[in-house]
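Asker: Show me how the following folds:
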Amino acid sequence: MLAHDSTTLLENAPKRVLMTADTVGGVWTYAMQLARALRIYDVQIILATMGAPLNADQRQEAETLDNLQICQSNYKLEWMPEPWRDVSMAGQWLLSLEERFEPDVIHLNGYSHGNLAWSAPVLMAGHSCVLSWWSAVKKEEAPECWNTYRENVGHG
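Answerer: Residues are numbered from 1 along each chain as shown. Here you go, the predicted model:
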């Protein structure tokens, strides 16, 4: 019975995933490892990158994965200075990618886009948060200048 259950799980598993990743930190490594692991299950990854253009090493690494398609942008990330116009535009871009590629699952590696009007189910992986980092490192609540971040992340 267990073999039947695992076969059924694989048959019903998502085959197309729209995943976000920033190119300036450890999320890139996470995204590449996940894409590589899902490759053996024939899962196609549409990777929407933000933060900065891919560097040569990242481009080369991505090209080794035949189940990966990169959709690149330069939108600022939610923890960068004055990012909110970009975060909003990135949200519209991400929704257009969902419409274009019709993924089975949305995999977000940031917080602010969690509250968009997605059609597919959403999985959010939390990698880092300015507020929890501030609390852990500085032993105090982040200052008021992070209130917009606090609101956007909370809504996401």
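Asker: For the residue nearest to A21 when sequence neighbours are not counted, which residues are in contact?
Answerer: Closest residue to A21 apart from its sequence neighbours, by C-beta to C-beta, 6 or more residues apart in numbering: A31 at 3.9 Å. Every C-beta, even on glycine, is put in place using the N, C-alpha and C of the backbone. Neighbouring residues of A31 by C-beta atoms under 8 Å, 6 or more residues apart in numbering: M19, A21, I45, L47, N109.
Asker: ranking the residues you listed by neighbours, who comes first?
Answerer: Neighbour counts for the contacts of A31, by other C-beta atoms under 10 Å, peak at A21, which reaches 27 neighbours.
Asker: Is the residue nearest the centre of the chain in a helix, a strand, or coil?
Answerer: Residue closest to the average C-alpha location in the chain (C-alpha atoms, centre = their mean): T20, at 2.6 Å. Of the three states, T20 takes strand under DSSP: H, G, I helix; E, B strand; the rest coil.
Asker: looking at the sheet around it, what are its partners?
Answerer: Counting by DSSP bridges, T20 forms beta bridges with A48.
Asker: Run through the residues that contact it.
Answerer: Going by C-beta under 8 Å, 6+ apart, T20 touches L47, A48, T49, M50, L94, H107, L108, N109, G110, H113.
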